[in-house]
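1. output the structure for:
(2 chains)
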Amino acid sequence: DTEVTQTPKHLVMGMTNKKSLKCEQHMGHRAMYWYKQKAKKPPELMFVYSYEKLSINESVPSRFSPECPNSSLLNLHLHALQPEDSALYLCASSQDRTVSNQPQHFGDGTRLSIL
Amino acid sequence: EDKVVQSPLSLVVHEGDTVTLNCSYEVTNFRSLLWYKQEKKAPTFLFMLTSSGIEKKSGRLSSILDKKELSSILNITATQTGDSAIYLCALRGSSNTGKLIFGQGTTLQVKP
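-> Numbers count the residues shown, from 1 in each chain, chains lettered A, B, ... in the order given. Here you go, the predicted structure:
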């Protein structure tokens, strides 16, 4: 089990649905990340939150909307997704995004399927 | 542009063999290089290599950073079936935004 907890583990949704992915960490980390991973590909960064503020958006479509309610929680709100958005969505956290000698720790991910 | 390339892309060995996985990189401003192991779910952190820590070891796994050659290797000795996984090499980007740039990964299969 990882120290970064993601829910749900699996999610199947239609293209008109609205759903949210949740991520929680209690390591006192102040940087949190969303990655998208397609099958047989490495993770690709989507968003970075630093001290609860969005610091990086890697040109992600607006149908993905991140939210950081507090330092322990990170959400990803989904709306009007496309079939190509089906992937494993990974959350990660690190002590501070600017500290180079601290690793990012990943959650187990949410496997998302869009019908 | 920062870039990470891993080789080989896949590898099949038998239990007890020793394997060496390679990672080469291009970066404007080196900060750190990380190795992760990914089975079916989360990438699990293995090692972080920095300018002040170019060699790490944990049990049967070890890793070395060669800043002159812009590369790193991950060695696994006496492989076990439980070592079967995708091994990911990642680079902290030059922009110091926290972004990790991943290589394509090496898929290792250890046969009994």
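2. now do the phi/psi pair for residue A:85.
-> The phi/psi pair for residue A:85 (degrees, to the nearest 10) reads phi -80, psi -10.
3. got the contact list for residue 15?
-> With no chain named, the answer covers chain A. A:80, A:81, A:82, A:83, A:114, A:115 (CB atoms under 8 Å, 6 or more residues apart in numbering or on different chains). Placement of C-beta: from N, CA and C, glycine included.
4. not quite, go with chain B.
-> Shown in contact with residue B:15 (CB under 8 Å, 6+ apart): B:79, B:80, B:81, B:110, B:111, B:112.
5. go on, residue B:94?
-> The contact partners of residue B:94, taken as CB under 8 Å, 6+ apart, are B:2, B:27, B:28, B:29, B:30, B:31.
6. buried subset of the residues you listed as a ChimeraX selection?
-> Selecting the buried subset of the contacts of residue B:94 in ChimeraX, with 16 or more other CB atoms under 10 Å in any protein chain shown as the burial test, is done by:
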select /B:2,27,30,31
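7. ok, back up a step: mind checking which of the contacts of residue B:15 are in strands?
-> Of these, the ones assigned to strands by DSSP state E are B:110, B:111.
8. just to revisit the earlier point, can you say which of the contacts of residue A:15 are buried?
-> Buried among these by 16+ other CB under 10 Å: A:81, A:114.
9. from the contacts of residue A:15, which land in helices?
-> In helices, judged by DSSP state H, none of the contacts of residue A:15 are found.
10. so which of the contacts of residue A:15 belong to strands?
-> Filtering the contacts of residue A:15 for strands - DSSP E - leaves residue A:114.
11. tell me which residue of chain A lies closest to chain B.
-> residue A:97 (3.0 Å; CB to the nearest CB).
12. element containing the residue positioned nearest the centre of chain A, please.
-> Centroid-nearest residue in chain A, with CA atoms, centre = their mean: residue A:34, separated by 2.9 Å. Using DSSP states H and E, residue A:34 sits within strand A:31-37.
13. paired strands for that strand, with orientation please.
-> Here strand A:31-37 has these sheet partners by DSSP bridges: strand A:44-50 (antiparallel), strand A:87-94 (antiparallel).
14. do a quick rundown of the strands in the chain.
-> Picked chain A for this. Assigned by DSSP E, chain A shows strands spanning A:4-7, A:10-13, A:18-25, A:31-37, A:44-50, A:53-57, A:64-70, A:73-79, A:87-94, A:105-106, A:110-114.
15. if you could check chain B rather than the one you did, that'd help
-> All strands of chain B, identified by DSSP E, fall at B:3-7, B:10-14, B:19-26, B:33-38, B:43-49, B:55-58, B:61-66, B:71-76, B:85-92, B:100-102, B:106-111.
16. please state the offset of the last one from the chain centre?
-> Chain-centre distance of strand B:106-111: 14 Å, with CA atoms, centre = their mean, to the nearest Å.
17. give the buried residues for it.
-> B:106, B:107, B:108, B:110.
18. what does it contact?
-> Under the criterion CB under 8 Å, 6+ apart, residues B:6-15, B:17, B:19, B:21-22, B:76, B:79-87 lie in contact with strand B:106-111.
19. hey, C-alpha coordinates of it in PDB?
-> Provided in PDB are the C-alpha atoms of strand B:106-111 (Å, rounded to 0.1, in the frame of the first residue of the first chain):
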ATOM      1  CA  THR B 106      12.100  -1.100 -19.700                       C
ATOM      2  CA  THR B 107       9.800  -4.100 -19.300                       C
ATOM      3  CA  LEU B 108      11.600  -6.800 -17.400                       C
ATOM      4  CA  GLN B 109      10.300 -10.300 -17.400                       C
ATOM      5  CA  VAL B 110      12.000 -12.800 -15.100                       C
ATOM      6  CA  LYS B 111      11.200 -16.400 -15.900                       C
END
